[in-house]
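**Q** sequence below, structure please.
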Amino acid sequence: EIANTTMLLPNVYDMGHVVGQAVGDLISRQTLPPMPSLHESLTLISNAPAMYKEWWLNLVTQDPIHVLIETTLILSLVYIVVSGRTKDWRDEMKNTLSKAEEEELLRDWKENHRTPLAPTSKDTSSSSSSSSSSSANPP
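**A** Predicted structure coming up:
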């Protein structure tokens, strides 16, 4: 059964094997490996883009489904982060009335006939039996 798993996921199996060996080597040494010099570090950093490109192209040829799934997940995360920030709470606040506007609307409503804000039960029963033309044209 292990052989079947290694055939399906060779990159995962290889990576686990290499990591296990590295951890075992670190434990058996009892000391950390020597730090690279500044020149070695700069060389590694300058070669990193080319090494990454080579690694990525190799991964595409070896396991294209893996690359497709990871790329889809990364693009989904980017979309979620970007789309979540497009809605601004200040835009919603622009549509709310100020206290003065509310008072003006209430005063106007009280002075001009106090028409109901919602249909009453009497209006709904009579409108279902008669035509709705009278309620469609308020005074």
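**Q** phi, psi of residue 96?
**A** Backbone geometry at residue 96, expressed as degrees, to the nearest 10, gives phi -90, psi 150.
**Q** name the secondary structure element that contains residue 77.
**A** Residue 77 belongs to helix 64-84 when assigned by DSSP states H and E.
**Q** next one: residue 23 from residue 17, what distance?
**A** As for residue 23, its distance to residue 17 is 11 Å (criterion: CB to CB, to the nearest Å). All C-beta spots, glycine's among them, are computed from the backbone N, C-alpha and C.
**Q** scratch that, residue 115
**A** Distance of residue 115 to residue 17, given as CB to CB: 80 Å.
**Q** would you map the strands across this structure?
**A** Remark: no strands are assigned in the chain by DSSP state E.
**Q** can you pull out the helices in it?
**A** Counting by DSSP state H, the chain has helices at residues 2-8, 10-29, 38-62, 64-84, 89-94, 99-111, 121-129, 133-136.
**Q** may I see the ones you listed organised as CSV, with mean neighbour count and mean pLDDT added?
**A** Compiled in CSV, these are given as follows (neighbours: other CB atoms under 10 Å; pLDDT from 0 to 100):
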stretch, mean neighbour count, mean pLDDT
helix 2-8, 9, 56
helix 10-29, 11, 80
helix 38-62, 10, 90
helix 64-84, 10, 88
helix 89-94, 7, 68
helix 99-111, 10, 85
helix 121-129, 10, 61
helix 133-136, 10, 47
